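*Asks:* generate a structure from the sequence data that follows.
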Amino acid sequence: MAAYDALLDQALQLSEAERGKLAARLLQSLEPDDDDEMSPEQWNAAWSTELDQRVREIRTGSVELIDGDEMLSKLDKIADQR
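*Replies:* Numbers count the residues shown, from 1 in each chain. Predicted coordinates:
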């Protein structure tokens with residue numbers, strides 16, 4: 001986990017815009033590698049749709065919000081078990 005922690009520390013030093021670009025690129029790296037790569041406009045439209053859905057879920061109370069620090073702690077515990 002030392003490499004992960006070091007990388008996370010470096011990433012958190014980036015500006016908000018740089019962190020956004022990094023997050024988008026990391027998310028793209030998890031997508032299947034095929035010839036149907038999305039254009040930036042398609043990518044933004046897909047994320048806009050997803051964000052709209054999540055906002056609706058929050059407003060209707062159909063999802064439970066979890067504090068970010070609490071979630072990171074849970075994720076760290078899961079990662080440590082692997």
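
*Asks:* got the domain ranges for the chain?
*Replies:* If you go by automatic domain parsing, the domain ranges for the chain are 1-37, 40-82.

*Asks:* including mean neighbour count and mean pLDDT, could those go into CSV?
*Replies:* C-beta: built from backbone N, CA, C; applies to glycine. Converted to CSV, the domains of the chain look like this (neighbours: other CB atoms under 10 Å; pLDDT from 0 to 100):
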stretch, mean neighbour count, mean pLDDT
domain 1-37, 9, 83
domain 40-82, 10, 90
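
*Asks:* helix or strand for the residue nearest the centre of the chain, which one?
*Replies:* Most central in the chain under CA atoms, centre = their mean is Ala23, positioned 5.9 Å from the mean C-alpha point. Using DSSP states H and E, Ala23 sits in helix 16-29.

*Asks:* what is that helix packed up against?
*Replies:* Helix 16-29 is packed against helix 2-12, with contacts defined by 3 or more CB pairs under 8 Å, 6 or more residues apart in numbering; DSSP states H and E.
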